[in-house]
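Student: Below are the sequence and a predicted model for it; my questions follow.
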Amino acid sequence: MDRTDTDHADAFAPPSDTAGSDGTPPLELAVVGAGPCGIAVGAAARRMGLRTALFDQGPLCDSILRYPTHMSFFSTPEKLEIEGLPFVTSEKTATRKEALTYYRKVADYFQLPVHQYHRVVDVSRQGQAFRITTLDSAGREATHLARRVAVATGGFHEPNLLGVPGEDLPKVSHHYQEAHPYWRQDVLVVGGSNSAVEASLELFRAGARVQMVHFQHEFDGGVKPWILPDMENRIRAGEVGMSWGHRVQEIRPGSVVLRSEETGDTKEIRNDWVLALTGWKANPTILGALGVPVDGETGIPAHDPHTMETPVDGVFIAGVLAAGHDANRIFIENGREHGRLIVDAILSASPSDPDGA
């Protein structure tokens, strides 16, 4: 694959912290979020010679960084690739570590200007452009100008809370990293997703005493098919306890109370730790401030799926954000395509002037 066209090197210079106030021309496209789908938008823009930059409140690919340490992806490597840059792995599927390495290399290859640890606190219209205000890790404010904005902030802003007494106890977590801290501990895993199943299996093999609870009577459809039989065997053998058709009613310092969805009966089980792996919500704050309608029921921002542009001229969305509350509908393998759709839409709007001036 050819490297990014060096004829446009001047258009790729990272913006200064006072972009727009010192005569620096506005970015053609500012990307809010530097996860895989945000990177895909930036890479597509760079390939086509558009001045761009990415802004993220954390490090590159913060969402992947927060995945379990020993996680492997469901998708095969070629479905995680950005702009055709090969993703070579040691096994059939990529590990978390391999993915982090790959996306760093993508950012390096396309020379993406990534402003890490720059939280976007405001995006507002300023004439024909948008003024983006950020705060860095030291609390310093900076402003940047861009003609268009793509919001790719992902779906991991805040967890789906259980909403029960005791959820604020220190022993409750909505995030699972690895099993070792739970050796010889009584752990309740809440949920029936792939994350809940994988965590439960790791915990069991690390010597934790694992109980699961799920309000349905079967696991979610997104559970990896090669681990589902393993989980089912552990349950049948009594090695992992399972409370189907139950919800958590109360979390206590040394126990958890579960309630049957069918009968309303309750039972109390011994417990040291609760891992509530019930999914996460996207953050629509930036889109709301810009006036982008968000469906109250689905959480999906209004947008054209062919261009990813919202009803607000010059504002696009990319990645998991476009799935609303159903985060399992968009993964890297289909969210990465949004970058090319956005860039094609920008170039189509100004066919005679790729810089959009």
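Tutor: On my side now, so go ahead.

Student: partners of the lowest-mean-pLDDT helix or strand in the chain in the sheet?
Tutor: In the chain, no helix or strand scores lower on mean pLDDT, DSSP states H and E than strand 280-281, which sits at a mean of 82. Applying DSSP bridges, strand 280-281 is found paired with strand 158-159 (antiparallel).

Student: what's next to the partner strand, contact-wise?
Tutor: With contact meaning Cβ atoms under 8 Å, 6 or more residues apart in numbering, strand 158-159 is reached by 174, 175, 276, 278, 279, 280, 281, 283. C-betas here are computed from N, CA, C, even on glycine.

Student: which ones are touching the spatially closest residue to the fifth one that is not a sequence neighbour?
Tutor: Right, the one you point to is residue 279. Beyond its immediate neighbours in the sequence, the residue positioned closest to residue 279 (Cβ to Cβ, 6 or more residues apart in numbering) is residue 160, lying 4.7 Å away. By Cβ under 8 Å, 6+ apart, the contact set of residue 160 is 278, 279, 280, 281.

Student: out of those residues, who's nearest residue 98?
Tutor: Nearest to residue 98 among the contacts of residue 160, counting by Cβ to Cβ, is residue 280 at 23.1 Å.

Student: Residue 281 versus the closest residue to the closest one other than its chain neighbours, what's the distance?
Tutor: Among residues not flanking residue 280 along the chain, residue 156 sits closest, at 4.5 Å (Cβ to Cβ, 6+ apart). Applying Cβ to Cβ, to the nearest Å, the value for residue 156 to residue 281 is 8 Å.

Student: and what of residue 317?
Tutor: According to Cβ to Cβ, residue 317 and residue 281 sit 15 Å apart.

Student: List phi and psi for the nearest residue to residue 190 once chain neighbours are set aside.
Tutor: Spatially, and ignoring its direct neighbours in sequence, residue 190 is nearest to residue 276 (4.5 Å; Cβ to Cβ, 6+ apart). Dihedral pair for residue 276: phi -90, psi 90, per degrees, to the nearest 10.

Student: what's the neighbour count on residue 276?
Tutor: Here the count is done by other Cβ atoms under 10 Å, and residue 276 has 24 residues near it.

Student: Next, work out how far apart it and residue 186 are.
Tutor: Going from residue 276 to residue 186 by Cβ to Cβ gives 15 Å.

Student: show me what contacts residue 244?
Tutor: 214, 216, 217, 218 are the contacts of residue 244 under Cβ under 8 Å, 6+ apart.

Student: Would you map the helices across this protein?
Tutor: In the chain, the helices defined using DSSP state H lie at 36-47, 62-65, 96-109, 194-205, 228-236, 285-290, 332-335, 338-349.

Student: Mean confidence (pLDDT) on stretch 81-89, please.
Tutor: Mean pLDDT, stretch 81-89: 94.

Student: Skipping adjacent residues, who's closest to residue 87 in space?
Tutor: Nearest to residue 87 is residue 77, by Cβ to Cβ, 6+ apart, at 4.0 Å.

Student: Pick out the residue closest to the middle of the protein.
Tutor: residue 154 (3.8 Å; Cα atoms, centre = their mean).

Student: Give me the number of neighbouring residues for residue 159.
Tutor: Neighbours of residue 159 (other Cβ under 10 Å): 16.

Student: ok, it to residue 79 distance?
Tutor: Separation of residue 159 from residue 79 (Cβ to Cβ): 27 Å.

Student: Ok, residue 277 next?
Tutor: 24 Å.

Student: who's more crowded, those two?
Tutor: Higher neighbour count among residue 277 and residue 79: residue 277, with 25 against 16, using other Cβ under 10 Å.

Student: Return the backbone torsion pair for that one.
Tutor: The phi/psi pair for residue 277 (degrees, to the nearest 10) is phi -90, psi 70.

Student: for it, what are its contacts?
Tutor: 174, 176, 189, 190, 191, 193, 195, 196, 199.

Student: could you dump the residues you listed to CSV with distance to residue 134 and pLDDT?
Tutor: Output for those, formatted as CSV (distance: Cβ to Cβ, whole Å; pLDDT from 0 to 100):
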residue, distance to residue 134, pLDDT
174, 27, 95
176, 31, 94
189, 37, 98
190, 36, 98
191, 34, 96
193, 33, 92
195, 31, 92
196, 35, 96
199, 34, 96
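
Student: out of the residues you listed, which one sits closest to residue 83?
Tutor: Closest to residue 83, out of all of the contacts of residue 277 and judged by Cβ to Cβ, is residue 195, at 28.6 Å.

Student: The closest one contacts residue 176, doesn't it?
Tutor: Yes: taking Cβ atoms under 8 Å as the definition, residue 195 is a contact partner of residue 176 at 7.0 Å.
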